[in-house]
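*Asks:* Structure for the following, please:
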Amino acid sequence: MSIFRLAAAHWRVNALNELQYRVNLVVQLFQSLIALATGLIGLSLVFRQTDDLAGWSRPELLAVMGVHLLMGGIIQAVVQPNMQRLMGDVQNGLFDYSLVKPVDAQALSSVRELRIWQVVDVLVGAAVLAVAVVQLDARVGVGQALWFVVALVLGALSIYSFWLILTTGVFWIIRIENIVELFQGVYQAGRWPVGIYPPWLRGGLTFLVPVAFAVTVPSEAMTGRLTPQTMALAFGVAVGLMAVARGVWRLGVRRYGGASA
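*Replies:* Predicted coordinates for the structure are as follows:
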């Protein structure tokens, strides 16, 4: 079975399960609107004092906020729940079942969960991004939109690989649940372009935690700021992180002792 068919089968079951609790949609809508309102208030406060922030105009920063919400929705809908389940399975010995399945254990562990109501954040982020595009002076062409999609995919792969590297630490360290809160705290810095931060923080958000490639680079693609060099770097980082994540995963699986250990 291909990874796409496997993901579709698991996500269909997850969607049916979550659709039983539709009040969660109301809760998620409320949370998404709060996040949106907070971001808009922050933008309003900034532009009461200046006409641009480190060269970024109001519509461009609105695009950054849209990408931040959109990517955050993807992370919380797919990446985070699967990594949390993997941590629980290793701690409880249930990871054995993933190893005996006739599919790659990493692929299986990466697609079993879907939090369908988190897709609300994806839709809200897309709507904010659409408003930002309308407000931009320059017309967004097909080529620009294509580069945005490519940058967004590379950013998502970088974030997934980063999460997997951290989560694989559960094969050595039992209690690592705090990485969820740690990542969410760092990810909030992606509300703004990484270029506004001091060099040490900019480097950390680029090469330690790839927030820059998840949010700022796709935003640059949509606003016409993206250079070929930055896109090449984003590609290299995504491929490199995926290779490292795969290597760490294999080491972790060899370290795993099973439920009977």
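*Asks:* Next, count neighbours for V119.
*Replies:* Taking other C-beta atoms under 10 Å as the neighbour definition, V119 ends up with a count of 18. Using the backbone N, CA and C atoms, a C-beta is placed for each residue, glycine as well.
*Asks:* and it, what does it touch?
*Replies:* Taking C-beta atoms under 8 Å, 6 or more residues apart in numbering as the definition of contact, the neighbours of V119 are G73, A77.
*Asks:* likewise V124?
*Replies:* V124 is in contact with S32, L33, A35, L36, L69, G73, counting by C-beta under 8 Å, 6+ apart.
*Asks:* so where's the stretch 151-261 of the chain uncertain?
*Replies:* Using pLDDT under 70 as the threshold, the predicted model of the stretch 151-261 of the chain has low-confidence ranges 258-261.
*Asks:* Show me the strands in it, by range?
*Replies:* Using DSSP state E, counting those that start in this stretch, the strands of the stretch 151-261 of the chain do not appear at all; there are none.
*Asks:* Could you tell me the end-to-end distance of stretch 218-238?
*Replies:* 13 Å (C-alpha to C-alpha, to the nearest Å).
*Asks:* Quick one: residues in contact with it.
*Replies:* In this structure, residues lying in contact with stretch 218-238 by C-beta under 8 Å, 6+ apart are 59-60, 63-64, 67, 71, 129, 132-133, 136, 138, 140, 144-145, 147-148, 150-152, 154-155, 157-158, 161, 193, 207, 210, 213, 217.
*Asks:* Buried only: go through these for me.
*Replies:* Buried residues within those, counting neighbours by 16 or more other C-beta atoms under 10 Å: 59-60, 63-64, 67, 71, 129, 132-133, 136, 140, 144, 147-148, 150-152, 154-155, 157-158, 161, 193, 210, 213, 217.
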